[in-house]
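Asker: Got a sequence here, can you model it:
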Amino acid sequence: MTEQSYSRISARFARWLFVCASLLALGAQTAAQSAPGSPVLLTEGTGTTTRGVAYEAVTFRSEPFPVVSPFNWNADKSNTRDQQTRVTLFAMNLSLLPGESANALTADAQDAAGNIYPLKVEALTNPKYVRLQPAPGNPNLQIPTEVAQGWLYAVTLRLNDSMTDTLGDVLVRISLHGLASNRVRIAVGQSGGGPATDPATEFISPAPAVEPAPLPPLAAKAYGPGEASAADITRLLEQTTWGPKGDGSDLAHVQQVGIRAFLDEQFAAPVANQPKGSDWPDLTFPLDDSTQQCPTDPVNDPSGAIKAACLRDNYSIYPVQKQFFTNALTGQTQLRQRVAFALHQILVVSNLTINRPSWMTPYLQALDRNAFGSYRTLLGEVTLTPAMGDYLDMNQSTASSPNENFAREVNQLFSVGTNQLNLDGTPVLDAQGVPVPTYTQTNVNEFTRVLTGWRFQTAFQNGVTNYRDPMTPRGSTTHDTGSKNLYGTVLPGCPGANNTSNPTNAQCAQNELNAALDVIFNHPNVGPFISKQLIQHLVTSNPSPAYVQRVASVFNSDCNGLYPESPCGARGNLKAVVRNILLDPEARGDVKTDPAYGRLREPAQYLGNILRAFNAASDGVIGSQSRGGDMPGQLDQPVFQPTTVFSYYQPDYQVPGTRLLGPPFQILSTLTTLRRANVVNTLVYSGVGTGANNPTGTQLNLAAFDTLAANDQSGGQLVDQLNALLLHGTMSAQMRGSILTALQSVPTSDAGFAHKRAQTAVYLVVTSPQYDVQR
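Answerer: Residues are numbered from 1 along each chain as shown. Model prediction:
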């Protein structure tokens with residue numbers, strides 16, 4: 001804004017005070033139709049309209065609000081003007097953490113056509129009004145005094161650039177910590193029209209007749225035994241495991257020990273392969289890099305079954321995918337597996353290129369081992385895994401023939417991203433309002449030079465390539481020994497190693513790699529870039545900037561955050577990052593009502609959740625084809641086989657027709673939506689049978705639900721139990737009624753009616769949109 005504009009505010013300050021005082025004068029009892037703890041936007045009058053109390057932020061004029069105002073909100077940036085109108089609404093019942101401000105809130109507006117417009121929340125203040133107070137030093141003298149209304153907040157929103165002056169009425173809401181407010185009407189450009197009345201979210205909420213006490217600051221909870229509800233613990237188990245167990249044992253355990261203790265148990269849970277710090281077993285390397293190890297033997301293997309098993313176990317992804325689902329369904333290190341799978345989708349290697357299970361395993365062990373460790377250590381170990389060296393060509397990069405693949409991706413995808421970020425994950429903008437790039441091609445070239453001169457270690461017997469041990473410097477002229485400039489940090493190079501094949505050159509390559517990874521790791525982007533993606537994988541695709549900021553500050557130092565470590569002082573402590581992600585107020589709570597909250601269950605999670613919910617007996621081969629992992633493959637997420645280095649889906653993917661991030665929606669199409677239903681149909685009604693590649697198959701156990709269906713022929717107990725287990729009590733009355741109607745279509749005279757009803761209810765719930773999205 002210009003100084004002239006700010007002077008206008010001073011001239012109208014009395015009017016502002018009048019506006020604030022009038023909110024109390026107009027008071028009536030505020031409606032309580034939203035979830036407990038939700039923000040409330042105030043409506044005009046004494047209880048007859050859902051029009052919001054709203055004013056233009058500079059002039060305090062009332063609606064309709066022009067999309068463009070005469071005021072420049074970016075006057076400090078000489079090359080651009082931002083004249084988009086700012087509108088101030090008034091809210092109460094905001095339970096804020098100490099220091100939380102505007103970036104804790106999100107907002108949106110809906111027009112008559114159903115279009116949703118994100119609205120940036122630019123300011124959050126406690127307005128003031130004038131009250132007669134005793135004068136300092138003279139209690140008998142009453143003087144006019146400005147008093148902050150701690151219970152009331154002025155919320156200033158920037159109208160969306162896509163809005164027009166012909167829009168008319170829109171419904172506006174704000175959200176805090178995943179809880180949505182009521183929606184109020186404001187007029188944009190002109191009055192009238194707008195969406196139809198929505199009784200579920202649009203209700204009258206005038207200011208209270210009596211000024212309420214301000215809410216105390218929100219404090220970090222201890223989360224000891226009994227401190228969280230069953231619904232919140234179920235939500236936690238969806239975020240930290242491959243799904244709550246259907247027998248309720250994990251729910252009961254967390255209720256008994258508390259959420260904090262449960263997380264500590266998961267952080268300390270012992271792994272099966274102790275020497276590697278992982279639940280991934282060491283796989284035997286085949287005797288040959290080709291398939292010659294599995295010859296045809298008409299005498300001893302006339303059917304070819306032995307050869308087929310040899311090819312399957314040594315030259316396909318089968319044993320790795322089988323182990324993945326075994327870990328997910330029955331393993332004790334549930335949180336480690338969830339975090340490691342998230343890290344796999346950030347630091348990507350694909351079996352489509354690294355097509356031997358024994359080649360992939362050391363990479364997977366590195367993810368597992370470091371899931372709760374240092375991100376710097378993880379970055380270093382993954383960089384030197386032969387799988388990564390092969391996948392992104394670092395093992396072939398030399399001074400005379402440099403390859404930039406790994407140098408580019410270690411910056412773009414594994415650490416800093418393409419654009420500079422604020423600590424809260426929002427982009428840094430230049431004078432024209434354009435995101436500022438993080439790196440240039442010159443930066444990539446410099447990192448490429450650093451990363452030259454690496455190779456696999458000595459081959460095993462019979463020339464089998466060593467994909468087990470970390471890559472090592474070649475110790476020859478293949479490393480570029482000149483000086484390099486990495487984001488302003490100059491590496492002097494190693495002139496003493498020029499044109500020689502000696503240990504000096506090898507040490508130069510090692511030292512420069514360490515220095516380069518240190519530069520990357522300490523870049524200010526890494527905290528928000530990695531933290532936001534981990535939030536997206538575990539909790540919600542659209543975290544508020546404040547949530548990202550809290551977690552990123554923990555990444556920067558584990559002394560920070562709501563739940564600091566002790567002792568502390570480390571950067572990139574993933575255990576601290578994960579703890580603060582999961583205990584944050586935006587993650588916790590019985591229910592989240594913000595429509596933008598949550599994440600689509602990606603196929604691997606979707607299947608794991610269903611199988612664990614119904615206590616499946618499984619050999620880990622989740623499919624009936626000749627390779628493991630067939631079911632997630634049908635849903636476009638063949639485990640450990642992403643099609644590109646950009647993973648199965650991209651973290652900034654927007655749901656079509658919206659401005660919401662929804663990364664897993666990138667692999668949800670009409671076809672895969674139908675396949676979801678077909679996969680569930682198989683699991684519920686027949687299961688996966690046995691075969692050469694399926695030793696025991698996969699079968700759901702619905703016995704407990706059969707009993708509920710038999711004991712209560714109305715179906716109510718069955719549906720309510722599924723509601724608690726799968727939807728943590730959020731099933732709508734309409735959905736419940738529809739399922740009960742479907743159950744009644746199975747007559748009690750049918751043989752096995754109880755099992756049929758249980759199957760029907762399970763199928764309908766797990767194929768519903770409500771279950772598709774983890775909330």
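Asker: can you pull the contacts of Thr326?
Answerer: The neighbourhood of Thr326, defined by Cβ atoms under 8 Å, 6 or more residues apart in numbering, consists of Gly620. The way it works is simple: take the backbone N, C-alpha and C, and place the C-beta from them, glycine included.
Asker: which stretches of the stretch 601-750 of the chain have low pLDDT?
Answerer: The stretch 601-750 of the chain contains residues with pLDDT under 70 at 623-629.
Asker: where do the helices sit along it?
Answerer: With DSSP state H, counting those that start in this stretch, the ranges of helices along the stretch 601-750 of the chain come out as 603-613, 630-634, 670-685, 703-711, 716-727, 733-744.
Asker: Would you format the ones you listed as TSV with mean neighbour count included?
Answerer: Listed next are these as TSV, based on neighbours: other Cβ atoms under 10 Å:
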stretch	mean neighbour count
helix 603-613	24
helix 630-634	23
helix 670-685	16
helix 703-711	17
helix 716-727	20
helix 733-744	14
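Asker: got a markdown table for these, with distance to Leu562 too?
Answerer: Shown next, in a markdown table, are the helices of the stretch 601-750 of the chain (distance: least, Cβ to Cβ, whole Å):
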| stretch | distance to Leu562 |
| --- | --- |
| helix 603-613 | 26 |
| helix 630-634 | 35 |
| helix 670-685 | 36 |
| helix 703-711 | 38 |
| helix 716-727 | 28 |
| helix 733-744 | 35 |
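Asker: I'd like to know which of these is closest to Asn138.
Answerer: Proximity to Asn138 (Cβ to Cβ) singles out helix 733-744 among the helices of the stretch 601-750 of the chain, at 61.1 Å.
Asker: can you list contacts of the closest one?
Answerer: Contacts of helix 733-744 with the rest of the structure, by Cβ under 8 Å, 6+ apart, involve 709, 714-716, 718-719, 723, 757, 760-761, 764-765, 768, 770.
Asker: Ignoring the adjacent residues along the chain, who's closest to His253?
Answerer: Nearest non-adjacent residue to His253, counting by Cβ to Cβ, 6 or more residues apart in numbering: Phe262, 7.1 Å away.
Asker: Then the one you found would be within a strand, right?
Answerer: No: applying DSSP: H, G, I helix; E, B strand; the rest coil, one finds Phe262 to be helix, outside a strand.
Asker: what residue of this structure is the furthest out?
Answerer: Asn140 (58.3 Å; Cα atoms, centre = their mean).
Asker: Which pLDDT value goes with Ala32?
Answerer: Model confidence at Ala32, given as pLDDT, is 40.
Asker: just Gly433 next, same as before
Answerer: The model's pLDDT for Gly433 equals 84.
Asker: One more: Gly47?
Answerer: We have a pLDDT of 77 for Gly47.
Asker: name the helices or strands packed onto the longest helix along the chain?
Answerer: Criterion DSSP state H: the longest helix present in the chain is helix 503-521. With contacts taken as 3 or more Cβ pairs under 8 Å, 6 or more residues apart in numbering; DSSP states H and E, helix 503-521 sits against helix 375-384, helix 441-450, strand 472-473, strand 484-486, strand 489-491.
Asker: list the buried ones in it?
Answerer: By 16 or more other Cβ atoms under 10 Å, the buried positions in helix 503-521 come out as 504-506, 508-510, 512-513, 516-517, 519-521.
Asker: Going by distance to Gly417, which of these wins?
Answerer: Distance to Gly417 across the buried residues of helix 503-521 (Cβ to Cβ) is lowest for Ile520, with 11.3 Å.
Asker: Would you check that my belief about that closest one contacting Asn411 is correct?
Answerer: Yes: counting by Cβ atoms under 8 Å, Ile520 touches Asn411, with 6.6 Å between them.
Asker: Nearest to Val490, out of the contacts of helix 733-744: which one, please.
Answerer: After measuring the contacts of helix 733-744 against Val490 - Cβ to Cβ - the closest member comes out as Gln770, at 55.7 Å.
Asker: Surely the closest one is in contact with Met731?
Answerer: Yes: counting by Cβ under 8 Å, Gln770 does reach Met731; the two are 6.9 Å apart.
Asker: Name the residue in these two with the higher neighbour count.
Answerer: The neighbour comparison of Gln770 against Met731 (other Cβ atoms under 10 Å) goes to Met731, with 20 against 15.
Asker: Spit out the contact partners of that one.
Answerer: Contact partners of Met731, counting by Cβ under 8 Å, 6+ apart, are 719, 723, 765, 770.
Asker: re the thing from before, can you list the helices and strands packed on helix 503-521 in a markdown table and add distance to Thr240?
Answerer: Formatted as a markdown table, these follow (distance: least, Cβ to Cβ, whole Å):
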| stretch | distance to Thr240 |
| --- | --- |
| helix 375-384 | 19 |
| helix 441-450 | 35 |
| strand 472-473 | 37 |
| strand 484-486 | 37 |
| strand 489-491 | 38 |
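Asker: Point out the most buried one among the ones you listed.
Answerer: Comparing the helices and strands packed on helix 503-521 by mean neighbour count (mean count of other Cβ atoms under 10 Å), helix 375-384 comes out on top with a mean of 21.
Asker: which strands and helices sit next to that helix?
Answerer: For helix 375-384, the contact count by 3+ Cβ pairs under 8 Å, 6+ apart identifies helix 357-369, helix 405-412, helix 503-521 as packing neighbours.
Asker: Which residues does stretch 756-767 contact?
Answerer: 610, 614, 676-677, 680-681, 684-685, 700, 702, 705-706, 708-709, 715, 718-719, 722-723, 726-727, 731, 738-739, 742-743, 746, 750, 771.
Asker: Let me know the average pLDDT across that stretch.
Answerer: On average, stretch 756-767 scores 98.
Asker: List the buried residues of that stretch.
Answerer: Residues of stretch 756-767 classed as buried by neighbour count (16+ other Cβ under 10 Å): 756-767.
Asker: same thing with stretch 187-196?
Answerer: Neighbour-count burial for stretch 187-196, counted by 16+ other Cβ under 10 Å, picks out 187-190, 194-195.
Asker: In strands only, show me these.
Answerer: Among the buried residues of stretch 187-196, the members falling in strands are 187-188 (criterion: DSSP state E).
Asker: quick one: which of the buried residues of stretch 187-196 is nearest to Gln641?
Answerer: Nearest to Gln641 out of the buried residues of stretch 187-196 is Pro195 (Cβ to Cβ; 43.6 Å).
Asker: Contacts only, for the closest one.
Answerer: 110-112, 114, 169-171.
Asker: hang on, the earlier thing: of the helices and strands packed on helix 375-384, which is nearest Cys559?
Answerer: helix 503-521 (17.6 Å).
Asker: Just checking, which helix or strand succeeds that closest one along the chain?
Answerer: Per DSSP states H and E, the first helix or strand lying C-terminal to helix 503-521 is helix 526-538.
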